[in-house]
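Asks: Got a sequence here, can you build the structure:
(one chain, ligands or ions: 4)
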Amino acid sequence: MSYEKELGAAKKAVSLAARLSQGVQKTLLQSEVWTKSDKTPVTAADYGSQAVVSLVLERELKPATLSLVAEEDTRDLRKKGSEEFLEDITKLVRDTLASDESYAGSSITTEDVLNAIDCGKSQGGSSGCHWVLDPIDGTRGFVRGEQYAVGLALLVEGKVVVGVMACPNLPLSSAVVEKDDKSCQDNVGCLFFAATGSGAYVQPLNGNSPPQEVRVSSNENLEEAKFLESYHMPIPLHSSIAKKLGITALPVRIDSQAKYAAVSRGDAEMYLRFTLVGYREWIWDHAAGSIITTEAGGVVCDAEGIPLDFSKGKRLDHNRGIIVTTKKLKPLILKAVRESMEEENIRV
Ligand SMILES: Nc1ncnc2c1ncn2[C@@H]1O[C@H](COP(=O)(O)O)[C@@H](OP(=O)(O)O)[C@H]1O
Ligand SMILES: [Mg+2]
Ligand SMILES: [Mg+2]
Ligand SMILES: [Mg+2]
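Replies: Ligands and ions are numbered 1, 2, ... in the order given. From the prediction side, this is the model:
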């Protein structure tokens with residue numbers, strides 16, 4: 001089955017949400033960063049982006065009911081004292097939609113914004129069609145003025161079939177560039193997308209250049225390999241695995257699912273994610289990224305080599321660890337992972 005219509009709607013939704021987030025990031029003040037009950041940060045861009053994606057999918061696809069599994073909810077926005085913040089978000093959403101010719105003149109109220117965000121309450125699962133959204137992935141990176149992504153995927157019968165990811169600050173050349181390389185740092189903003197069986201592509205986020213197919217690296221020389229991990233949680237096990245593999249370079253730390261995009265484009269050969277014991281991953285942190293990498297010829301699996309299962313609701317059901325790499329390197333990496341885990345007495 002072709003998912004052309006869904007892909008078109010998702011690209012439009014994610015591009016507009018990225019436009020909203022770019023405006024917010026430029027002028028964001030520390031006082032505008034709220035903290036959620038799980039102690040993680042959230043901003044007007046997270047809420048605004050979720051509302052924009054929800055409204056655009058609704059308008060473009062006119063589904064009987066839109067099933068959206070998304071990160072943010074309106075609990076804090078509905079509390080007394082949030083009125084001004086909600087007004088600001090509504091203005092952002094209104095201005096962003098008005099910036100697209102096809103939506104010019106449409107009026108958006110605070111109630112419309114709250115309803116659009118609340119649309120993201122779906123639980124997902126193994127049957128039917130569900131959109132999966134991380135409106136701002138890597139909010140910590142976003143707040144620091146660094147990397148973040150807007151990730152949207154379509155789940156059909158428990159499988160990811162479409163993925164779209166905007167990385168507004170990611171260089172068009174490579175994610176792994178020197179901080180003082182001005183020419184790369186100035187030429188930023190990527191839109192990655194993939195549909196099942198059709199490959200993975202990238203195009204400039206704010207330009208009109210045609211999409212280019214991306215493929216994972218063909219490098220098999222681990223001495224020259226680059227590997228990625230989260231910015232905020234360097235994990236000792238990652239270093240042991242890299243050392244065992246003979247990787248000499250230090251890990252490159254990047255926020256968000258941009259790490260999946262980087263592996264899909266061949267910027268790096270490996271992304272490791274061994275979080276703290278007991279942490280169960282949200283599907284929206286991986287859905288868009290995983291199909292982009294697999295359609296680019298890569299693999300996404302757990303420490304046992306088993307593909308991730310997106311069919312069990314809002315959380316991923318998998319063993320310890322996530323490994324994103326190339327098909328050629330997978331056996332070597334799994335061996336190094338197994339040995340390092342045994343040595344450090346870490347169970348799957
Ligand atoms: N202590 C933790 N361990 C694992 N994942 C965490 C975490 N705290 C936050 N996260 C998740 O990791 C995501 C960011 O991933 P990364 O570290 O690769 O940038 C966050 O997404 P949000 O920024 O969308 O909330 C959040 O869902
Ligand atoms: Mg968050
Ligand atoms: Mg996230
Ligand atoms: Mg998020």
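
Asks: Name the residues of the chain found near ligand 4, please.
Replies: 71, 134, 136-137 (Cβ under 5 Å from the ion). The way it works is simple: take the backbone N, C-alpha and C, and place the C-beta from them, glycine included.

Asks: Mind checking what helix or strand follows the longest strand along the chain in sequence?
Replies: The residue-count maximum for a strand in the chain (DSSP state E) belongs to strand 159-171. Next in sequence after strand 159-171, counting helices and strands by DSSP states H and E, comes helix 182-186.

Asks: contacts for that following helix?
Replies: Residues from elsewhere that reach helix 182-186 (Cβ atoms under 8 Å, 6 or more residues apart in numbering): 171, 173-174, 177-179.

Asks: Provide a PyMOL selection command restricted to the buried entries of these.
Replies: In PyMOL, a selection of the buried entries from these looks like this (16 or more other Cβ atoms under 10 Å):
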select buried, resi 171+173
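
Asks: Taking the contacts of helix 182-186, tell me the two that lie furthest apart.
Replies: 173 and 179 (13.9 Å; Cβ to Cβ).

Asks: Low-confidence ranges, the stretch 101-250 of the chain, go.
Replies: Residue ranges of the stretch 101-250 of the chain with pLDDT under 70: 183.

Asks: Kindly recompute the last result at 80.
Replies: Filtered on pLDDT under 80, the stretch 101-250 of the chain yields the residue ranges 178-186, 207-208, 233-234.

Asks: how about the residues of the stretch 51-200 of the chain that lie near ligand 2?
Replies: Counting by Cβ under 5 Å from the ion, the positions of the stretch 51-200 of the chain adjacent to ligand 2 are residue 139.

Asks: give the contact list for residue 129.
Replies: Residues in contact with residue 129 (Cβ under 8 Å, 6+ apart) are 67, 154-156.

Asks: wait, residue 137
Replies: So residue 137 contacts 148-151, 255-257, 284-285 (Cβ under 8 Å, 6+ apart).

Asks: Angles on the backbone of residue 153, please.
Replies: For residue 153, the backbone dihedrals (degrees, to the nearest 10) come out as phi -140, psi 160.

Asks: What residue spans form the domains of this structure?
Replies: 4-214, 222-343 (automatic domain parsing).

Asks: Now the terminal residues of the longest one, how far apart.
Replies: It stands for domain 4-214. 19 Å (Cα to Cα, to the nearest Å).

Asks: quick revisit: possible to save the residues of the chain next to ligand 4 as a markdown table with secondary structure and distance to residue 213?
Replies: Converted to a markdown table, the residues of the chain next to ligand 4 look like this (DSSP: H, G, I helix; E, B strand; the rest coil; distance: Cβ to Cβ, whole Å):
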| residue | secondary structure | distance to residue 213 |
| --- | --- | --- |
| 71 | coil | 30 |
| 134 | strand | 24 |
| 136 | strand | 27 |
| 137 | strand | 23 |
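
Asks: List buried residues within those.
Replies: Buried members of these, scored by 16+ other Cβ under 10 Å, are 71, 134, 136-137.

Asks: The stretch 1-150 of the chain: strands as residue ranges?
Replies: For the stretch 1-150 of the chain, the strands defined by DSSP state E, counting those that start in this stretch cover 34-35, 41-42, 68-70, 129-137, 149-156.

Asks: can you redo these as JSON lines with distance to residue 292?
Replies: Shown next, in JSON lines, are the strands of the stretch 1-150 of the chain (distance: least, Cβ to Cβ, whole Å):
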{"stretch": "strand 34-35", "distance to residue 292": "30"}
{"stretch": "strand 41-42", "distance to residue 292": "25"}
{"stretch": "strand 68-70", "distance to residue 292": "18"}
{"stretch": "strand 129-137", "distance to residue 292": "13"}
{"stretch": "strand 149-156", "distance to residue 292": "9"}
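
Asks: Determine whether any part of stretch 219-236 lies close to ligand 3.
Replies: No. Stretch 219-236 stays clear of ligand 3 (Cβ under 5 Å from the ion), getting no nearer than 10.5 Å.

Asks: cool, and stretch 282-298?
Replies: Yes. Interface with ligand 3: stretch 282-298 contributes residue 285 (Cβ under 5 Å from the ion).

Asks: Can you report how many residues lie near the closest residue to residue 32 other than its chain neighbours?
Replies: When the adjacent residues along the chain are set aside, residue 32 lies closest to residue 43, with 6.2 Å between them (Cβ to Cβ, 6 or more residues apart in numbering). By other Cβ atoms under 10 Å, 22 other residues sit near residue 43.

Asks: Please verify my assumption that residue 43 contacts residue 144.
Replies: No. Using Cβ atoms under 8 Å, residue 43 is not in contact with residue 144, being 11.9 Å away.

Asks: All the helices of this protein, residue numbers only.
Replies: 4-27, 44-61, 83-98, 110-118, 139-143, 182-186, 236-245, 258-264, 287-295, 330-343 (DSSP state H).

Asks: Which one of those has the poorest average confidence?
Replies: Of all those, the minimum mean pLDDT falls on helix 182-186 (a mean of 71).

Asks: Buried ones in that helix, by neighbour count?
Replies: Residues of helix 182-186 classed as buried: residue 184 (neighbour count, 16+ other Cβ under 10 Å).

Asks: How far off centre is that helix?
Replies: Offset of helix 182-186 from its chain centre (Cα atoms, centre = their mean, to the nearest Å): 23 Å.
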